[in-house]
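Q: The amino acid sequence is not available; the structure is as follows:
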């Protein structure tokens, strides 16, 4: 049976990390870990859609929408950070509705192709609408995040902000996955025709799961914009989108903590290669190794190790437990 | 009194008429069999009746209401529930969880209630789920993962889930295919019991012994058209049916 890898424990560990990082490391580590948590939000928010069996390779597009919306509102109209972040998330959700509604009937690779094409569309809009986004010159001068009028000037305070956002979002996603809604997502992913035959409106639920992911991807994007304070269209391209997907698969699809583990593990390990061509190679190798040796993802590693140990110690190997 | 009335039901795939102007009536309380050689259009018929395919032409009246063109979940909600060929089940869930998902329809959960309710099912729903498993003989396997159940049990679980959705008309797609004599006997007994509890049944099946022994009326399809209709003995002695199944032999060669 499913093992209770306590989500509260994982969340507590994340919180502990959050408290420790600024104290132990300098601004560099704070910066790196803030991006790690952004990736955690992105990876975890893709999960509902993946659970429904929708292969979404375009999640970075919604991050991009959230990032540009929030940045432009704050920069050009002096909208407070909280409101610009919310607007970014909402616009990402609306765009998700616009792209999700017509493509819902598509399954598997066809849906994936739409999302891939969509990443490019969003990237090209950001690149070519120079008067608004500054195109390939990049959008700079984005205000720092603020809360209730107080600007978060230090790296550490911005870092605490993203940790707080991450914890709240993970809690919401966890609650949803363990509600009946989560069970319906799972049933759609396993056998959508059967779910339909039992009265589940699969179109509606797929769309809901998709838009939920867009909302949180937009949130992550908005934070990213005000944290890095510079937006460059290609950053939200196909590479970023596949990375989010790879976090899910390398971490493991079978449990809520999978994408979290995957995002933390891969973002930290790939940090030395960030921005270089080696990053792509690194992610490809990580994906390949996982598929070959840990098809259930990193979260199945403890069980695999336990199996190996029992193979070594016992003369007769114990039967592997049902997943 | 007819619970289901399909008129001139037609479905074209490109130029091919998979189902061609089929009239099909099922009366309340009947067990009707839909048979025919491979490719005769039986499963397409099921898909049309349950909304998984849209008819190219024709209409479907269920319980006095026109359900033509409705989507599968809407048709299921009206009390027309189907099972699938082979083992289309939620393999990574337990048998009980499968049945509980079947109860989904009648748990009064719109998206809003779904969102704020907990996954833990209320005790009365679990009790209902266990009742369904008891009724179908699967109670001892309630907490086993579905994919670990033997084939026969998996097929019965498919029926149990459909029952949980409280159908007034139950469409069974090959309920005993791949079963041994004992298992198919058990399932056919189950089918009769379900009917005696007030659910009308339309089934597709290749196992002639099961069909002839259980159905009161049989409809034979061939090349998408209705070939014959009648009691088991009428159908099994019909020359047209024998010809469809066994071919015309040397006379045609």
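A: That came through, no problem. Remember, predicted model here, so these are calculated numbers, not experimental data.
Q: in stretch A:168-180, what's buried?
A: A:169-170, A:173-177, A:179-180 (16 or more other Cβ atoms under 10 Å in any protein chain shown). Using the backbone N, CA and C atoms, a C-beta is placed for each residue, glycine as well.
Q: Mind checking if that stretch is in reach of chain B?
A: Yes. Taking Cβ under 8 Å from any Cβ of the partner chain as the criterion, stretch A:168-180 and chain B are in contact, through A:176, A:178-180.
Q: between those, which is nearest residue B:132?
A: Nearest to residue B:132, judged by Cβ to Cβ, of the residues of stretch A:168-180 next to chain B is residue A:180 at 18.1 Å.
Q: Quick check: the closest one vs residue A:104, distance?
A: 21 Å (Cβ to Cβ, to the nearest Å).
Q: Then residue A:228?
A: Separation of residue A:228 from residue A:104 (Cβ to Cβ): 33 Å.
Q: Same check on residue A:12?
A: 37 Å.
Q: So for those two, which sits in the more crowded spot?
A: residue A:104 (16 against 12; other Cβ atoms under 10 Å in any protein chain shown).
Q: Let me know the pLDDT of the closest residue to the more buried one other than its chain neighbours.
A: Setting aside the residues directly before and after it, residue A:104 is nearest to residue A:203 in space (Cβ to Cβ, 6 or more residues apart in numbering or on different chains), at 5.2 Å. We have a pLDDT of 89 for residue A:203.
Q: swap in residue B:41?
A: Confidence score, pLDDT, at residue B:41: 87.
Q: List the contacts of it.
A: Residues in contact with residue B:41, defined by Cβ atoms under 8 Å, 6 or more residues apart in numbering or on different chains, are B:11, B:18-20, B:22, B:221, B:223-224.
Q: so residue B:60 is in which element?
A: strand B:57-62 (DSSP states H and E).
Q: That strand pairs with which strands, parallel or anti?
A: Strand B:57-62 sits in its sheet next to strand B:2-13 (antiparallel), strand B:65-66 (antiparallel), going by DSSP bridges.
Q: ranking the ones you listed by burial, who's on top?
A: Of the strands paired with strand B:57-62, the one with the most neighbours on average (mean count of other Cβ atoms under 10 Å in any protein chain shown) is strand B:2-13, at a mean of 18.
Q: average model confidence for it?
A: Rounded mean pLDDT across strand B:2-13 is 88.
Q: same thing with stretch A:114-122?
A: 91.
Q: cool, and stretch A:232-239?
A: Stretch A:232-239 comes out at a mean pLDDT of 86.
Q: Who are the contact partners of residue A:261?
A: A:251-252, A:297-299.
Q: and after the strand or helix carrying residue A:282, which helix or strand comes next?
A: Secondary structure from DSSP H and E places residue A:282 in helix A:278-293. Next helix or strand after helix A:278-293 toward the C-terminus (DSSP H and E): helix A:301-313.
Q: check whether that next one contacts chain B.
A: No. Helix A:301-313 is not in contact with chain B by Cβ under 8 Å from any Cβ; minimum separation 15.9 Å.
Q: So which elements touch that helix?
A: Contact here means 3 or more Cβ pairs under 8 Å, 6 or more residues apart in numbering or on different chains; DSSP states H and E; on that basis helix A:301-313 packs against no helix or strand.
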